[in-house]
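**Student:** Coordinates for the following, if possible.
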Amino acid sequence: MPRLPGVNHLDAVRALGKAGFRIARQGEHTILIQETRITGTPHHNPADITSTCNIVADARMSDGAFGKLRLDCGRRTPQS
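**Tutor:** So this is what the prediction gives:
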């Protein structure tokens with residue numbers, strides 16, 4: 001599995017929004033839902049690699065699909 005960089009929580013929310021998720025509630029985390037899928041993004045920046053991988057797994061997306069959605073949102077993925 002390719003490593004994902006840590007992401008800004010707003011970038012993650014935008015990318016998940018493009019994938020059809022909607023914000024259910026916000027607090028210390030933003031909780032997003034899409035039919036039967038639920039994921040949350042922490043509000044600290046950047047979210048660490050483990051949190052990013054968990055967001056992608058909860059959303060049942062591939063790393064590549066999530067990365068492409070982030071790029072489509074106008075943000076660049078940092079190069080390793």
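
**Student:** switch to C-alpha atoms for all contacts and neighbour counts from now on
**Tutor:** OK.

**Student:** quick one, strands of the chain?
**Tutor:** Ranges of strands in the chain, per DSSP state E, are 22-26, 29-34, 37-42.

**Student:** Now do the same contact list for the spatially most central residue of the chain.
**Tutor:** Taking Cα atoms, centre = their mean, the centroid of the chain lies closest to Ala12, which sits 3.3 Å from it. The contact partners of Ala12, by Cα atoms under 8 Å, 6 or more residues apart in numbering, come to Thr41, Arg70.

**Student:** Low-confidence ranges, the protein, go.
**Tutor:** 1-4, 72-80 (pLDDT under 70).

**Student:** run the last query once more with 50
**Tutor:** 1, 75, 77, 79-80 (pLDDT under 50).

**Student:** Let me see the ranges of the helices in it.
**Tutor:** 9-18, 49-58, 63-72 (DSSP state H).

**Student:** Now tabulate the ones you listed in a markdown table and tack on distance to His43.
**Tutor:** Listed next are these as a markdown table, based on distance: least, Cα to Cα, whole Å:
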| stretch | distance to His43 |
| --- | --- |
| helix 9-18 | 6 |
| helix 49-58 | 11 |
| helix 63-72 | 17 |
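
**Student:** Tell me which of the ones you listed sits most buried.
**Tutor:** helix 9-18 (a mean of 19; mean count of other Cα atoms under 10 Å).

**Student:** what's around the nearest residue to Arg25 once chain neighbours are set aside, how many residues?
**Tutor:** In space, and not counting its chain neighbours, Arg25 is closest to Ile31: 5.4 Å by Cα to Cα, 6 or more residues apart in numbering. Look at Ile31: counted by other Cα atoms under 10 Å, it has 18 neighbours.

**Student:** repeat for Gly27
**Tutor:** The burial count for Gly27: 8, using other Cα under 10 Å.
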